[in-house]
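Chemist: prediction below, plus the sequence it came from.
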Amino acid sequence: MALFNDDEQQRIRTAIEDAEKHTSGQIRVCVEKTCSENVLDRAAKYFHKLEMHKTKLRNGVLIYLATVDRKFAIIGDAGINKVVPEDFWDTTKEDMLEHFRLGDLIEGITTGLKIAGDQLQKYFPHNAGDKNELTDDIAFMDGE
């Protein structure tokens, strides 16, 4: 499923790598064309399918997008949810949405990655021995 060209995929991957440089937190981007259920339920389903709940500090963050249906969600695991401000995910979504409304999907995604990475760094700084627990590749789904 080629929703993004090679350059766009590399921009997203680089943004993930940059966001994770100074944190033990883990971030993934999951994309599919359509979302056949509530977007938060769908994001949570893929969060578990991608085994993001298995990180050592429970500090995974997933940005989920359904491009054709124009739906998206950003969710975090229990560890990050305990420490970020209550409205953090909503305000992050609003910042991303500004770019989406202008038709710049990649900039919206990378904005969300940067914001999430900044919060992860604040609460889960990188320590010696931390390893990348999850791949930085975009998870392309096909509506499973």
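Modeler: Thanks, I have the structure now.
Chemist: how about Arg13, secondary structure?
Modeler: helix (DSSP: H, G, I helix; E, B strand; the rest coil).
Chemist: so who does it touch?
Modeler: Asp136, Asp137, Ile138 (Cβ atoms under 8 Å, 6 or more residues apart in numbering). C-betas here are computed from N, CA, C, even on glycine.
Chemist: for those residues, give me TSV that also has distance to Thr67.
Modeler: Output for these, formatted as TSV (distance: Cβ to Cβ, whole Å):
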residue	distance to Thr67
Asp136	20
Asp137	17
Ile138	12
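Chemist: which one of the residues you listed sits closest to Asp18?
Modeler: The shortest approach to Asp18 among these belongs to Asp136, at 10.1 Å (Cβ to Cβ).
Chemist: distance of that closest one from Ile12?
Modeler: 9 Å (Cβ to Cβ, to the nearest Å).
Chemist: the longest helix in the chain is where?
Modeler: Counting residues, the longest helix found in the chain (DSSP state H) is helix 105-123.
Chemist: thought Ile75 was touching Tyr64?
Modeler: Yes. Between Ile75 and Tyr64 there is a contact under Cβ atoms under 8 Å: 7.4 Å.
Chemist: return every residue with contacts to both of the two.
Modeler: Ala43.
Chemist: who's more crowded, those two?
Modeler: Tyr64 (26 against 19; other Cβ atoms under 10 Å).
Chemist: doesn't the more buried one belong to a helix?
Modeler: No. Using three-state DSSP, the assignment for Tyr64 is strand, not a helix.
Chemist: shaky segments in the protein?
Modeler: Across the chain, the ranges flagged by pLDDT under 70 are 1-2, 143-144.
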